[in-house]
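# next comes the sequence, and after it the predicted model I'd like to discuss.
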Amino acid sequence: MDIILLLFIFVLAAFLGFELISKVPSQLHTPLMSGSNAISGITIVGAIIAVEAGDSGLATWLGFAAIVLASINVVGGYLVTDRMLGMFKKKGK
Amino acid sequence: MEDLINLAYIVASIIFVLGIKMLGKAETARKGNMLSAVGMLIAIVVTLLAKGLDYKIIFAGLVIGGGIGAVAAKRVQMTGMPELVALFNGFGGLASLLVGWAEYHRKSHLIPEELLGVVEPMNEAVAASITPLPTFTAVVIVLAILIGGVTFTGSVYAWGKLSGKLGGKALVFSGQKIVNALIALAIVIPGILFSLNPTGEMAYTLLFVVIIASLLLGVTMVMPIGGGDMPVVISLLNSFSGLAASAAGFIIANNVLIVAGCLVGASGLILTVIMCKAMNRSLANVLFSGFGSVTQSSAKGGPGGEPKAITVEDAYYVLEAARNVVFIPGYGMAVAQAQHAVKELGELLENNGCEVRFAIHPVAGRMPGHMNVLLAEADVPYEQLVEMDDVNPTIEMVDVAFVIGANDVVNPAAADDPGSPIYGMPIIEAHKAKSAFCLKRGKGAGFSGLENGLFTAPNTRMIYGDAKATITGLVTQFKDS
C-alpha cells in the first residue's frame, strides 16, 4: 500500500470538494446535507469486505452489523433526499 | 479481476463528484442525487465480485438495512426531517467505527500463522515490511474509530434533542472542560500506545478504551449545544461521517472510500462555515460556549416597554389593507406545523392584490435549509422564497412583516446593541418594516434567552397562541368576507 498515494488522493479530493460546492443556494442546504450523508454510507464497501466466507468470527459479525447500519444510511439517505427534491421540483414549474 | 474492480471504483468516484456538483444547483439537484445513487450501486456491486465473501450474511445485512432505511424515508414527516438526517448520519458513523474494529480484528488475527509459521528467521527490515499492521494502518484505525464514534453518539444525542426526547436546552455542568480534557486524554494516549505496538498484548484493551472514550466524547461534545445552534452541529457531524468513511478507506487502502468520504467531509464543512457565518460566531464559540444555557434576565428592558397584543380579527383588517407582506418563519412554524395554513394565507393575500414573500434566514429552524423544506412541502411557489440579503434592502416598503415563531433571527439587538451576545449576527430587519406581527406561543424568551426588542417596538403587535390556530383563524376571516 502506498501511503503517500492515498494521502495524495485524499488531499486532491478535499480541494475538489471545496471547489465544487463553495456556493450553495440556501434552499438546497438540507438536500445537500442528506444527499451527501447518503454518500458517506460508502463505508458499506469496507463493511462488505470484512465479511469473509468460512470465517464466522467476530470480524464477520462486526461486518454484518456495519452492513446493516450503512445500508440504512445509504438507502434511507437517497430516498429521503429524492422525496425532498421532488417537492422542490413541483413548485419550480 | 482486481484491476476491473479498481477501475469500477474510479468510475464510481467520478460519478460521486458529478453527483455532488449537481446537488449544489437547483435545476439539477434531483438528477445529481440519483446519479450519486448509481455510483453507490456500482461501488457495492463490484465489491461483491471480490473473492471469498460470505454472501448469505452480506445479503441479509443489505436487505435488513435497506428495508429499514426505505421505510423510515417513506414514513417520515417533513417536520421530522432534522431528526431523521441526524439519525442516518449517526448510523453511517457507527458503521465506519465497526469497519475499523473488524479490520483490526481480522488483521491482528492474521499474524500468528503468517509471521510465526512462514518466515521464521528474518532480519528486522524484512519483518517490518511484511507485518500486516504497519503503524500507519494502526493510526487510521484509531482515527476511523474516533471519528465514527463521535459521529454516532453525537448524532444520536442530537436526534434526541431535536425530537424533544432529551430536551433541547444546552447542558453545562461545572468541571465540564476538565471532563472533556480527560476524555480527550483517554483517546490520545491509548491511541498513541496502540499505534506504536498494534499487535502487542495490550493492544486490544487499548483499542477498547479508545472506542468507549470516543463514544463518550460524542455525547459531551453535543451536550452543551442548544437547540438553535443545531444547524451548525448537524452540518459538522455530517462532515465527520464523511471523514470517518475516508479513514476507513485508508485502513483498507480503498480509493472510492477515501474520495467519497472526503467529498462529504468537505461539503459538510462548507455548510458548517455557512451556518457559523449566518450567526456571526466562530465554530469554537458554537461548540464550547454553552450558548443559550443561561437565561439572561435582561438587564435593559428593551426600548419600548411592554409588548402590545392584537386580536386575530384586528390583524385581519390590517392584512386586508396591506399591499406588501413578508412572512418570516422560524422554528415555531415547524413546531406548530403551520406551513400549510401559512401557504393558504399567502395565497389569499396574493389574490387580494398583495405582494407576498417569504424571507428565510439561513439558520432559521434546526437544520440548514429547514424552512425551505417545510414551505416546499406546503407548495409555496418558489419565486416567493427570498433570502435575507434580498429582503433587507426593501424592508422599509413592507407593510406587514409577519413573524411566525422566529425570534433571534429578527432580534434588532443583533444590529444595535454591542453588549448583546448575538451582536453582529445578520438578521432579517423586521423592525424596519412599517409594522410587524409576531406570532408567538407565550411570552417567554427565545432560544438564546434574550429579550427581543422587536416584540416591544411601537409598531409591533403580538398575536399570542398556537401559530397554526392563529393563521387558520386569519384564513377563515378572509374567506368569510
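Noted; the coordinates are in hand. Numbering: from 1, shown residues only, chains lettered A, B, ... in the order given.

# helices along chain A, start to end?
Along chain A, the segments classed as helices by DSSP state H run A:3-20, A:29-39, A:44-50, A:58-71, A:77-92.

# just the CA trace of the first one, in PDB.
Included here for helix A:3-20 are C-alpha records, laid out as PDB according to Å, rounded to 0.1, in the frame of the first residue of the first chain:
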ATOM      1  CA  ILE A   3       0.500   5.700   1.800                       C
ATOM      2  CA  ILE A   4       1.700   8.800   0.000                       C
ATOM      3  CA  LEU A   5      -0.500   8.000  -2.900                       C
ATOM      4  CA  LEU A   6      -3.600   7.500  -0.700                       C
ATOM      5  CA  LEU A   7      -2.900  10.800   1.100                       C
ATOM      6  CA  PHE A   8      -2.400  12.500  -2.300                       C
ATOM      7  CA  ILE A   9      -5.800  11.300  -3.400                       C
ATOM      8  CA  PHE A  10      -7.300  12.500  -0.100                       C
ATOM      9  CA  VAL A  11      -5.900  16.000  -0.400                       C
ATOM     10  CA  LEU A  12      -7.000  16.300  -4.000                       C
ATOM     11  CA  ALA A  13     -10.500  15.100  -3.200                       C
ATOM     12  CA  ALA A  14     -10.700  17.700  -0.400                       C
ATOM     13  CA  PHE A  15      -9.800  20.500  -2.700                       C
ATOM     14  CA  LEU A  16     -12.200  19.300  -5.300                       C
ATOM     15  CA  GLY A  17     -14.900  19.100  -2.700                       C
ATOM     16  CA  PHE A  18     -14.400  22.700  -1.600                       C
ATOM     17  CA  GLU A  19     -14.300  23.900  -5.200                       C
ATOM     18  CA  LEU A  20     -17.400  22.000  -6.200                       C
END
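
# got the angle between that helix and helix A:29-39?
160 degrees (axes from the mean of the first three to the mean of the last three CA atoms, to 10 degrees).

# is helix A:3-20 positioned near chain B?
Yes - Helix A:3-20 lies within reach of chain B by CB under 8 Å from any CB of the partner chain, at A:I3, A:L6, A:I9, A:F10, A:A13, A:A14, A:L16, A:G17, A:F18, A:L20. C-beta: built from backbone N, CA, C; applies to glycine.

# and the closest residue to the fifth one other than its chain neighbours, how many residues sit next to it?
Excluding its sequence neighbours, the residue lying closest to A:A13 (CB to CB, 6 or more residues apart in numbering or on different chains) is B:C262, at 3.8 Å. Taking other CB atoms under 10 Å in any protein chain shown as the criterion, the count of residues near B:C262 is 24.

# B:C262 in helix, strand or coil?
With DSSP: H, G, I helix; E, B strand; the rest coil as the basis, B:C262 sits in helix.

# OK, contacts around it?
Contacts for B:C262 (CB atoms under 8 Å, 6 or more residues apart in numbering or on different chains) come out as A:F10, A:A13, A:A14, A:G17, B:G242, B:L243, B:S246.

# gap between the first one and A:G46?
Look at A:F10 and A:G46: by CB to CB, to the nearest Å, they are 15 Å apart.

# just the third one next, same as before
Using CB to CB, one obtains 20 Å as the distance from A:A14 to A:G46.

# wait, B:G90 sits on B:G160?
No - the pair B:G90 / B:G160 is not scored as a contact, 10.5 Å apart, by CB atoms under 8 Å.

# comparing these two, which residue is more hemmed in?
With neighbours defined as other CB under 10 Å, B:G90 and B:G160 compare such that B:G90 has more, 25 against 18.

# now name the helix or strand holding that one.
helix B:81-111 (DSSP states H and E).

# run through chain B and note the low-pLDDT ranges.
B:110-132, B:168, B:290-305, B:444-449 (pLDDT under 70).

# the strands in it, which residues?
B:324-329, B:355-360, B:385-387, B:400-404, B:435-440, B:460-464 (DSSP state E).

# now the fourth one against strand B:435-440, angle please.
Think strand B:400-404. Going by the same axes, to 10 degrees, strand B:400-404 makes 10 degrees with strand B:435-440.

# least confident secondary structure element in chain A?
Every helix and strand of chain A was ranked by mean pLDDT, DSSP states H and E. The lowest is helix A:77-92, at a mean of 81.

# hmm, who's touching it?
Contact partners of helix A:77-92, identified using CB under 8 Å, 6+ apart, comprise A:27, A:30-31, A:34-35, A:37-39, A:41, B:26, B:29-30, B:33-34, B:36-37, B:40, B:69-70, B:72-74, B:76, B:78, B:81, B:84-85, B:88, B:373, B:376-377, B:379-382.

# ok so, going back, what's the overlap in contacts for B:G90 and B:G160?
What both B:G90 and B:G160 touch, as defined by CB under 8 Å, 6+ apart, is an empty set.

# B:S163: neighbouring residues, count only.
Number of residues near B:S163 (other CB under 10 Å) recorded here: 15.

# name the nearest residue to it, sequence neighbours excluded.
Nearest-residue entry for B:S163: B:E83, 4.5 Å, with adjacent residues in sequence omitted and distances by CB to CB, 6+ apart.

# and the helix holding B:G90, how far out from the chain middle?
Distance of helix B:81-111 from the chain centroid (CA atoms, centre = their mean, to the nearest Å) equals 19 Å.

# tell me which residues in the least confident helix or strand of chain A are buried?
A:G77, A:Y78, A:L79, A:V80, A:T81, A:D82, A:R83, A:M84, A:L85, A:M87, A:F88, A:K91 (16 or more other CB atoms under 10 Å in any protein chain shown).

# my guess is B:I68 contacts A:G76. True?
Yes - using CB under 8 Å, B:I68 is in contact with A:G76, at 7.4 Å.

# quick revisit: among the residues of helix A:3-20 next to chain B, who's most crowded?
Busiest of those [other CB under 10 Å] is A:G17, holding 26 neighbours.

# how far away is that residue from A:S36?
Distance from A:G17 to A:S36, by CB to CB: 9 Å.

# from B:F250, how far off is B:L243?
11 Å.

# swap in B:E320?
64 Å.

# ok, those two, which is more surrounded?
Under the criterion of other CB under 10 Å, the comparison of B:E320 against B:F250 puts B:F250 first, with 25 against 15.

# how much space separates the closest residue to the more buried one other than its chain neighbours from B:A95?
For B:F250, ignoring the flanking residues on the chain, the nearest one in space by CB to CB, 6+ apart is B:V140 at 3.9 Å. Note on B:V140: its distance to B:A95, by CB to CB, is 16 Å.

# so which of these two has more stuff around it?
For B:V140 versus B:A95, neighbours defined as other CB under 10 Å are more numerous around B:A95 (37 against 23).

# okay, now residue 12: neighbour count?
You didn't say which chain, so I picked chain A. 13.

# chain B was what I was after
27.

# dump the residue contacts of it.
B:G39, B:M40, B:I42, B:A43, B:V46, B:V256, B:A260.

# then B:V400?
Here B:V400 is in contact with B:V318, B:L319, B:A322, B:N324, B:V325, B:V326, B:A433, B:K434, B:S435, B:A436, B:F437 (criterion: CB under 8 Å, 6+ apart).

# in the helix holding B:G90, what's buried?
Applying 16+ other CB under 10 Å to helix B:81-111 flags B:81-108 as buried.

# next one: stretch B:216-226
B:L216, B:L217, B:G218, B:T220, B:M221, B:V222, B:M223, B:P224, B:I225, B:G226.

# same question for stretch B:23-31.
In stretch B:23-31, counting by 16+ other CB under 10 Å, buried: B:L23, B:G24, B:A26, B:A29, B:R30.
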